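Colleague: Here is a sequence with its predicted model. Questions after.
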Amino acid sequence: MAACTQLNSSTEIRVTSFREFSRLVDSMGGVSGGDMGRVALLHGYFDESGKWADKDTISFCGWISQANTWEQFAKEWSELLEELDMSSLHTAEFVSRDSRDTGSILLRFVAIIRKYANSGLGIGVDTKHYRTMSPAFRARVKNPHFIAFKILMNTVLREVQAVQRLFPIHDWRCGIICDQDPGTSEHCLKHFNKMRTFDPVARKLLNGVCFADATGAIPLQAADLLAYAMRIELDRRRTNSSPNPSALFQGLSFRPDEMSGDPVPFFRPFFLDADFLDQLSEGKHDQLLAKLGIEI
């Protein structure tokens, strides 16, 4: 499958396979397959679900794993797509079919994610509540998608630092791949570049960011599935519509321990719900806002 990759706001490169795409993500950070030395590469794939102007909730989520693991993942994911006669998985469109087998098919994709992903990270925002907040606060935050992106990038940085502490024999680096969106990609690129400019740790541990078409950058389809499940979960929490999370959300949040078989969390969600948004507006998290580059 071809992948379209935007390395900056004006340059677009087409590659012909996911393996080629994966190598391109590595090289954009100055790392090549024959010249890595102690460097160990992670790739993080992230996608959003929902637009804040017309959805009650939005989310921005994704998965992190070793670069070579994603290539194995893409092969198995593509085989399932072929079996199901699907060109790609776009979760919202797939669910809208309202078919009896929708849930069971999605859980087959979940099983592949649980097999290959190291960890999942996600931010959900109660945009219905956000739209009722003071104009002054909304003028500071602007698009809630951007604050979700900024928080998530800081979370990714902490995740890579944690991996570095656990496995110090390697120098860990992470490349960020996001689903390409004309309305948000350019702003996210600017923030990412600013983050790396002023934070030497981010400059060392985060190779770079690119924006790609999920049809070819196959792990973005797994990020899309997670973002959809996260948004639906936040809707459930906001409306108290059900006492328990969906089987889809639970399947993406836990996987069995290899030794005991007990469920182990491997997705860490963070909810910017009404209470947290109100705390932000009341000045209780000004340090967080300042870290994200949002004027206090």
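Modeller: Good, I have the coordinates. Bear in mind that the values here come from a model prediction, so they are computed numbers and not experimental data. Numbering: from 1, shown residues only.
Colleague: Can you classify the closest residue in space to residue 167 that isn't next to it in sequence as helix, strand or coil?
Modeller: Spatial nearest neighbour of residue 167, chain neighbours left out: residue 40 (7.4 Å); criterion: Cβ to Cβ, 6 or more residues apart in numbering. (Glycine included, C-beta is placed from N, CA and C.) On the three-state scheme (DSSP: H, G, I helix; E, B strand; the rest coil), residue 40 is labelled strand.
Colleague: Quick check: residue 40 touching residue 172?
Modeller: Yes - using Cβ atoms under 8 Å, residue 40 is in contact with residue 172, at 5.2 Å.
Colleague: Among these two, which residue is more densely surrounded?
Modeller: Between residue 40 and residue 172, counting by other Cβ atoms under 10 Å, residue 172 is the more crowded of the two (22 against 18).
Colleague: circling back: state the distance from the residue nearest to residue 167 to residue 235.
Modeller: For residue 40, the distance to residue 235 equals 38 Å [Cβ to Cβ, to the nearest Å].
Colleague: in the stretch 1-150 of the chain, which spans are strands?
Modeller: Ranges of strands within the stretch 1-150 of the chain are 3-6, 12-15, 39-49, 57-66, 119-126, based on DSSP state E, counting those that start in this stretch.
Colleague: In a markdown table: those, plus mean pLDDT.
Modeller: Shown next, in a markdown table, are the strands of the stretch 1-150 of the chain (pLDDT from 0 to 100):
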| stretch | mean pLDDT |
| --- | --- |
| strand 3-6 | 46 |
| strand 12-15 | 52 |
| strand 39-49 | 91 |
| strand 57-66 | 95 |
| strand 119-126 | 95 |
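Colleague: any idea which helix or strand of the protein has the worst average confidence?
Modeller: The least trusted helix or strand in the chain, going by mean pLDDT, DSSP states H and E, turns out to be strand 3-6, with a mean of 46.
Colleague: and residue 250, how many neighbours?
Modeller: Neighbour tally, residue 250, other Cβ under 10 Å: 15.
Colleague: So it lies in a helix, does it not?
Modeller: Yes - using three-state DSSP, the secondary structure at residue 250 is a helix.
Colleague: Show the model's pLDDT score for residue 28.
Modeller: Residue 28 is assigned 59 on the pLDDT scale.
Colleague: returning to what we had before: how about the strands of the stretch 1-150 of the chain, which one is nearest residue 255?
Modeller: Of all the strands of the stretch 1-150 of the chain, it is strand 119-126 that lies closest to residue 255, at 10.2 Å by Cβ to Cβ.
Colleague: tilt between the biggest helix by length in the chain and strand 119-126?
Modeller: As assigned by DSSP state H, the longest helix anywhere in the chain is helix 144-166. Per axes from the mean of the first three to the mean of the last three Cα atoms, to 10 degrees, the angle that helix 144-166 makes with strand 119-126 is 150 degrees.
Colleague: What is the neighbour count of the closest residue to residue 88 other than its chain neighbours?
Modeller: Distances taken as Cβ to Cβ, 6+ apart place residue 215 nearest to residue 88, at 4.7 Å, with adjacent residues excluded. For residue 215, the tally of surrounding residues (other Cβ under 10 Å) stands at 16.
Colleague: Hmm, residue 215 is touching residue 86, no?
Modeller: No - checked against Cβ under 8 Å, the pair residue 215 and residue 86 is beyond contact range at 10.9 Å.
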